[in-house]
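*Asks:* below is the sequence, then the predicted model.
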There are 2 protein chains.
Amino acid sequence: MAVTLRDVARAADVSIATASRALAGSPLTNHATQRHVVQVAAAIGYRTNTMARALKTKRSRLIGLTVHNLENASFRVLAATVQTRMQTLGYQVILSISSDDAEQERNILQTLVDHGVDGLIAVPTGANAAQLLAMEHADIPVICAVRRVEGAGLESVLAADMDGAYAGTQHLLTLGHRRIGLIVGPSETTSGKERLAGYKRAMQEAGLSVDPALVQAGRYAPETGVAAGNALLAMAEPPTAVFVANHESSVGMLRVVSERGLAVPDALSLLFYEDSPWFEWQRPAISVVDSGAVEMAHLIVDRLMQRLGGVANSGREYRVGARLIERASCQALAAT
Amino acid sequence: MAVTLRDVARAADVSIATASRALAGSPLTNHATQRHVVQVAAAIGYRTNTMARALKTKRSRLIGLTVHNLENASFRVLAATVQTRMQTLGYQVILSISSDDAEQERNILQTLVDHGVDGLIAVPTGANAAQLLAMEHADIPVICAVRRVEGAGLESVLAADMDGAYAGTQHLLTLGHRRIGLIVGPSETTSGKERLAGYKRAMQEAGLSVDPALVQAGRYAPETGVAAGNALLAMAEPPTAVFVANHESSVGMLRVVSERGLAVPDALSLLFYEDSPWFEWQRPAISVVDSGAVEMAHLIVDRLMQRLGGVANSGREYRVGARLIERASCQALAAT
DNA sequence: CTGTTAGCGCTTTCAC
DNA sequence: GTGAAAGCGCTAACAG
């Protein structure tokens, strides 16, 4: 059997209550006994039983983290960063993968509540607003990450997708490009919608009309990249630059470019979205609009810690600014 | 306050013990009362408090999972697969990232024990054998994944790296290649050592001597790929095929090939290790020796469930066979 | 088959 | 400042 507080108390010749206080560093303890107890505890290898403590205090020092998957770079970085930081803050994270499925998410949330998590960081599917709200109501702070839950008043930290797409498009515009292809996510998704809006805004501000044939929306998958890329490059008057604002389809686009033997950036400028180690090592290295997954993760942890510390739900939405990383895949359009 | 077993008992007009049994589906319960209790419990929204149960039963239905990072494809797949399957089996997973650091691993293991995990799946650093053994001793089964802990007698499921490298090399040999470059991991790592051994065995069986200049060992990082790739291709008599058995350096090698303008597979055959979506979408699609991360993950879960079910530690080492996936990057060497 | 009872190991009033 | 005692919500003997 493991050594319990009772053993510590006995060994230190104090009451179990005093032992508890001493270990908790309570201010109502004699400094000398305090040190003594701590020392004895260490000597006999005492470890406080988290289950017992959780049962008593209703604080498990566990937090839940749900993501759609671990393949997407943002989610992966989120998972790694959140777990690493929470660990140093004395919390453990229970990871769950929802596959962006509402039903699965529902089960996960229930289980997480059952396990008494103190807080939740969720990349939500968007479909379980009521349940998320119930958690908040049960004093379990929830922070939405990357995606938002419409009208639930939950704190969320998101990427500044509209600004990012705007900045990316503008970069291409500044380089002299006029026919700029866009490959983007489905318009049902927030990021798909917002990135498209950013692109349109930049185009319009530049006095350009948006050619519908130039914007290709599709699932976040490599296949989208090849279909959209081919559609774009097969046009009678193809774009001189393509902005792939759909991370997963980047590979697909890369394949199309290689199959068509197009030289980047001479024959075609390429700009991707969300950085990945691959892009930097690619030849030519790919310029990207990075959405700041690491920074988002940090902000998320900061927000959760505030909430865990007792700060009320601000219901606020935070945005982490995108950043343009110029590498070698975009070139000024040669003057005609 | 949440609804407790006491509330269920009261509402169903039975004792708290009977309620407990009924909910647990104990065979010592009248079928009618059983159903009644279950029904009442559902009606009033009862959820068993896992902390209380854990305190009593010493079973938390939590398992620990430690990986070096989430970037490596094998670890990532392991994490995703393990969590998904364990969830369906009624367990939650506490994820921890060790960064392949012995000290961090030590802290993590301690914390996991403190949280009362029922079992552990670890990609070990190899440095904390004693602690892992102590866990086994404390009736917490541990399964080592991907890496082994030397002489600890822990159950491990590993990739068949020697066989994989052998098969890969042989594939190239069969294609007529004689000068085959190898980029491999550090010889301090099991996989580095074993893959090198597999390569050597294949070469020797083919009656070829191993040219030391043809084998380049280095860290699992892109940089290794460019350094090693350049070293190989700058040789007076460069290899006609390169086997990159160091996953992380694949990108680096790809860059070198592209910078040198080498046509794959015409001028150089390329074979990678551990599959990644990128390889399939690359043009030409890259052939790989896949180490079967998904299969490993499943076997790991199976083993852990056995152990959790009471089966004793077999101390056995399992190997999941590698599989050659032929795509378009390897070509028969043109007859001279 | 069901109820009573005794804790699991800890925190936290409440007295002293 | 310290101790005694009362549970947190649950399971598991032990009786009946």
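*Replies:* Thanks, I have it.

*Asks:* rest of the way, CA atoms for contacts and neighbours
*Replies:* Fine.

*Asks:* okay, now A:Ala297: neighbour count?
*Replies:* Neighbourhood size, A:Ala297 [other CA atoms under 10 Å in any protein chain shown]: 27.

*Asks:* oops, could you answer that again for A:Ala138 instead?
*Replies:* A:Ala138 has 12 nearby residues by other CA under 10 Å.

*Asks:* and it, how far from A:Ala122?
*Replies:* 16 Å (CA to CA, to the nearest Å).

*Asks:* go on, A:Ala19?
*Replies:* Counting by CA to CA, the gap from A:Ala19 to A:Ala122 is 38 Å.

*Asks:* kindly report the same for A:Lys200.
*Replies:* On the measure of CA to CA, A:Lys200 and A:Ala122 end up 30 Å apart.

*Asks:* so for those two, which residue has more residues nearby?
*Replies:* Legend: neighbour count by other CA under 10 Å for A:Lys200 and A:Ala122, higher for A:Ala122 (25 against 22).

*Asks:* over to that one: give its phi and psi.
*Replies:* Here is the backbone geometry of A:Ala122 (degrees, to the nearest 10): phi -130, psi 130.

*Asks:* before we move on, what about A:Gln39?
*Replies:* According to degrees, to the nearest 10, A:Gln39 has phi -70, psi -50.

*Asks:* what's the answer for A:Leu175, then?
*Replies:* Torsion angles, degrees, to the nearest 10, at A:Leu175: phi -80, psi 0.

*Asks:* repeat for A:Ser96
*Replies:* Dihedral angles (degrees, to the nearest 10) for A:Ser96: phi -140, psi 140.

*Asks:* does the residue of chain A found nearest chain B sit in a helix, a strand or a coil?
*Replies:* Residue nearest to chain B within chain A: A:Ile94 (4.4 Å; CA to the nearest CA). When classified by DSSP: H, G, I helix; E, B strand; the rest coil, A:Ile94 comes out as strand.

*Asks:* quick check: residues of chain A near chain B?
*Replies:* A:47-52, A:54-55, A:69-71, A:76-77, A:80, A:83-84, A:92-97, A:114-116, A:222, A:251-252, A:254-255, A:258-259, A:278, A:281-283 (CA under 8 Å from any CA of the partner chain).

*Asks:* what about 6 Å?
*Replies:* Residues of chain A lying near chain B by CA under 6 Å from any CA of the partner chain: A:Thr50, A:Met51, A:Ala52, A:Leu55, A:Val93, A:Ile94, A:His115, A:Arg255, A:Gln282, A:Arg283.

*Asks:* strands - which of these land there?
*Replies:* Among those, the members falling in strands are A:Val93, A:Ile94 (criterion: DSSP state E).

*Asks:* ok, which of the residues of chain A next to chain B also contact DNA strand C?
*Replies:* A:Thr50, A:Ala52, A:Leu55 (CA under 7 Å from any atom of the strand).

*Asks:* and A:Leu132, how many residues sit next to it?
*Replies:* 26.

*Asks:* mind pulling up the pLDDT for it?
*Replies:* In this model, A:Leu132 is scored at 98, pLDDT.

*Asks:* where does chain A have low pLDDT?
*Replies:* Scanning chain A for pLDDT under 70 picks out A:1, A:335-336.

*Asks:* tell me the domain ranges of it?
*Replies:* A:5-48, A:59-159+A:293-321, A:161-290 (automatic domain parsing).

*Asks:* neighbours around the residue of chain A closest to chain B, how many?
*Replies:* Per other CA under 10 Å, the neighbour tally for A:Ile94 reads 25.

*Asks:* helices of the stretch 101-250 of chain A, start to end?
*Replies:* Listed in chain order, the helices of the stretch 101-250 of chain A (DSSP state H, counting those that start in this stretch) span A:102-114, A:129-137, A:161-174, A:190-205, A:222-233, A:250-259.

*Asks:* and whichever helix or strand comes after the last one, how far out from the chain's middle?
*Replies:* It refers to helix A:250-259. Going down the chain from helix A:250-259, the next helix or strand is strand A:269-273, by DSSP states H and E. Distance of strand A:269-273 from its chain centroid, counting by CA atoms, centre = their mean, to the nearest Å, is 21 Å.

*Asks:* with stretch A:22-31 instead?
*Replies:* Taking the mean of its C-alpha atoms, stretch A:22-31 sits 40 Å from the chain's own mean (CA atoms, centre = their mean).

*Asks:* check stretch A:44-59 too.
*Replies:* With CA atoms, centre = their mean, you get 31 Å for stretch A:44-59.

*Asks:* send the alpha carbons of that stretch over as PDB?
*Replies:* The C-alpha coordinates for stretch A:44-59 follow below in PDB (Å, rounded to 0.1, in the frame of the first residue of the first chain):
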ATOM      1  CA  ILE A  44       9.100   8.500   3.700                       C
ATOM      2  CA  GLY A  45       8.200   9.100   0.100                       C
ATOM      3  CA  TYR A  46       4.700  10.500   0.600                       C
ATOM      4  CA  ARG A  47       2.700  11.500  -2.500                       C
ATOM      5  CA  THR A  48      -0.700  13.000  -2.100                       C
ATOM      6  CA  ASN A  49      -3.500  10.900  -3.500                       C
ATOM      7  CA  THR A  50      -5.000  13.000  -6.300                       C
ATOM      8  CA  MET A  51      -8.200  11.000  -6.300                       C
ATOM      9  CA  ALA A  52      -8.900  11.600  -2.700                       C
ATOM     10  CA  ARG A  53      -8.000  15.200  -3.000                       C
ATOM     11  CA  ALA A  54     -10.200  15.600  -6.000                       C
ATOM     12  CA  LEU A  55     -13.100  13.900  -4.300                       C
ATOM     13  CA  LYS A  56     -12.800  16.300  -1.400                       C
ATOM     14  CA  THR A  57     -12.000  19.600  -3.200                       C
ATOM     15  CA  LYS A  58     -13.800  19.000  -6.500                       C
ATOM     16  CA  ARG A  59     -10.700  20.000  -8.300                       C
END
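
*Asks:* that stretch near DNA strand D at all?
*Replies:* Yes: judged by CA under 7 Å from any atom of the strand, stretch A:44-59 comes into contact with DNA strand D at A:Ala52, A:Leu55, A:Lys56.

*Asks:* ok, which of the helices of the stretch 101-250 of chain A comes nearest DNA strand D?
*Replies:* helix A:102-114 (9.7 Å; CA to the nearest atom of the strand).

*Asks:* mind listing what's buried in that closest one?
*Replies:* A:Glu105, A:Arg106, A:Ile108, A:Leu109, A:Gln110, A:Thr111, A:Leu112, A:Val113 (16 or more other CA atoms under 10 Å in any protein chain shown).

*Asks:* can you list the residues you listed in TSV and add distance to A:Gly310?
*Replies:* Formatted as TSV, the buried residues of helix A:102-114 follow (distance: CA to CA, whole Å):
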residue	distance to A:Gly310
A:Glu105	26
A:Arg106	26
A:Ile108	25
A:Leu109	22
A:Gln110	23
A:Thr111	24
A:Leu112	20
A:Val113	19
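
*Asks:* mind putting the residues you listed in JSON lines, distance to DNA strand D included?
*Replies:* Formatted as JSON lines, those follow (distance: CA to the nearest atom of the strand, whole Å):
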{"residue": "A:Glu105", "distance to DNA strand D": "23"}
{"residue": "A:Arg106", "distance to DNA strand D": "20"}
{"residue": "A:Ile108", "distance to DNA strand D": "19"}
{"residue": "A:Leu109", "distance to DNA strand D": "18"}
{"residue": "A:Gln110", "distance to DNA strand D": "14"}
{"residue": "A:Thr111", "distance to DNA strand D": "14"}
{"residue": "A:Leu112", "distance to DNA strand D": "15"}
{"residue": "A:Val113", "distance to DNA strand D": "13"}
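
*Asks:* okay, which residue is most central for chain A?
*Replies:* A:Leu78 (4.4 Å; CA atoms, centre = their mean).

*Asks:* now that one. Nearest residue, chain neighbours left out?
*Replies:* Nearest residue to A:Leu78 in three dimensions, chain neighbours excluded: A:Ala297, at 5.1 Å (CA to CA, 6 or more residues apart in numbering or on different chains).
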